[in-house]
Structures are given as C-alpha cells and as structure tokens.
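Visitor: coords below, sequence missing:
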C-alpha cells in the first residue's frame with residue numbers, strides 16, 4: 001500500500017538498511033535482512049511482520 005503513497009522510504013532497525021524509492025527499498029532481500037524469519041511476503045506483495053513491541 002505504501003508504494004503508491006510515498007516517493008521515498010527509509011528502512012531503519014538499529015542502523016540504516018536502505019533509503020530511496022519504494023521499489024528500491026521494499027525488495028525481499030533487503031526486508032529479509034531486517035526482519036529475518038519474521039517476514040512473510042505474499043504473492044500480491046503484501047508484507048507481514050511480527051511486531052514484538054506490542055506483545056504483552
């Protein structure tokens with residue numbers, strides 16, 4: 001969804017992993033580096049990430 005709403009993205013998780021247009025940042029290899037096994041990319045490019053910060 002975000003791909004069509006922004007011109008640039010920054011992907012951070014304790015360090016900068018990627019910055020630029022969504023097509024350059026939201027690539028499976030980059031997302032897997034950041035989220036590892038907690039990342040699921042569906043056939044329609046929906047990205048699902050387990051968010052541990054909101055668990056009790």
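Guide: Received it, and whenever you're ready, just let me know what you need. Predicted, not measured: the structure shown is a model, and the values here were computed from it. Numbers count the residues shown, from 1 in each chain.
Visitor: the longest helix that the chain contains packs against which elements?
Guide: Secondary structure assigned by DSSP state H gives helix 28-35 as the longest helix of the chain. Under the contact criterion of 3 or more C-beta pairs under 8 Å, 6 or more residues apart in numbering; DSSP states H and E, helix 28-35 touches strand 9-12, strand 16-20, strand 39-41. All C-beta spots, glycine's among them, are computed from the backbone N, C-alpha and C.
Visitor: so which of the ones you listed gets nearest residue 1?
Guide: In terms of C-beta to C-beta, the element of the helices and strands packed on helix 28-35 nearest to residue 1 is strand 9-12, at 12.3 Å.
Visitor: could I get the average pLDDT for the closest one?
Guide: Strand 9-12 carries an average pLDDT of 90.
Visitor: quick revisit: output the helices and strands packed on helix 28-35 as a markdown table; include the columns mean neighbour count.
Guide: Listed next are these as a markdown table, based on neighbours: other C-beta atoms under 10 Å:
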| stretch | mean neighbour count |
| --- | --- |
| strand 9-12 | 14 |
| strand 16-20 | 13 |
| strand 39-41 | 14 |
